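**Student:** With the sequence up front, the predicted model follows.
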Amino acid sequence: MHTNIQPPITQHYTVPHRTPPTMCQLCPISTLASSARWPKPLEPSISDLNFLITCVHDQHEAWKKSENADTRDALLSLLRTLSGALTSLGHERSAWWKSKMPLIKQLKAEVSSQSERKLTESHKINNSAVDRIEGMEAKVGGFVRWSLGLEGGVEELLEGKE
């Protein structure tokens with residue numbers, strides 16, 4: 001039996017070169033801020049933080065288009081405000097956690113599955129808040145260092161405050 005096998009047709013397709021989209025280093029801060037549950041007393045600060053991140057992002061886009069010194073100064077000022085807001089958020093979280101201590105001591109004294117669940121949930125919320133705040137601070141530091149060229153990171157940003 002004779003089969004007519006033809007060699008496979010090989011065509012070389014060229015894919016047009018596209019430059020990959022530049023990833024915004026500010027957007028992950030918003031993602032971290034909205035990723036999980038925050039303690040109730042911190043929720044207003046989170047909405048303020050999201051608004052501030054949007055303002056910083058818009059200012060950064062304006063600076064990239066114009067490379068204007070005034071626009072850069074405004075961006076640096078907004079970044080200082082963002083850094084201060086994150087520090088303030090850390091203090092608010094700490095104060096919230098300290099206010100929970102009497103309840104935590106009471107829950108530890110009780111021996112029930114309900115109290116253990118509440119205690120575990122409080123610890124999860126606190127630990128998650130700490131991780132997200134530290135992550136946002138790190139992302140701001142990375143943005144300042146790599147996108148704006150301030151090698152000293154947030155410290156250099158804050159020292160430049162006049």
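**Tutor:** Ah, there it is. Numbers count the residues shown, from 1 in each chain.

**Student:** From Ile53, how far off is the spatially most central residue of the chain?
**Tutor:** Nearest to the mean C-alpha position of the chain, by CA atoms, centre = their mean, lies Ile29 at 2.0 Å. Separation of Ile29 from Ile53 (CB to CB, to the nearest Å): 5 Å. Heads up, the C-betas are built off the backbone N, CA and C, glycines and all.

**Student:** With Thr81 instead?
**Tutor:** Distance, Thr81 to Ile53, by CB to CB: 11 Å.

**Student:** Compare the two (neighbour count), which wins?
**Tutor:** A count of neighbours by other CB atoms under 10 Å puts Ile53 above the other of Thr81 and Ile53, at 24 against 13.

**Student:** So which elements touch the helix or strand where the more buried one lies?
**Tutor:** Element membership of Ile53, judged by DSSP states H and E, is helix 43-66. Using 3 or more CB pairs under 8 Å, 6 or more residues apart in numbering; DSSP states H and E, the elements in contact with helix 43-66 are helix 27-33, helix 69-99.

**Student:** any chance of the ones you listed in a markdown table, plus distance to Asp131 and mean pLDDT?
**Tutor:** Listed next are the helices and strands packed on helix 43-66 as a markdown table, based on distance: least, CB to CB, whole Å; pLDDT from 0 to 100:
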| stretch | distance to Asp131 | mean pLDDT |
| --- | --- | --- |
| helix 27-33 | 9 | 87 |
| helix 69-99 | 11 | 93 |
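
**Student:** Thanks a lot, see you next time.
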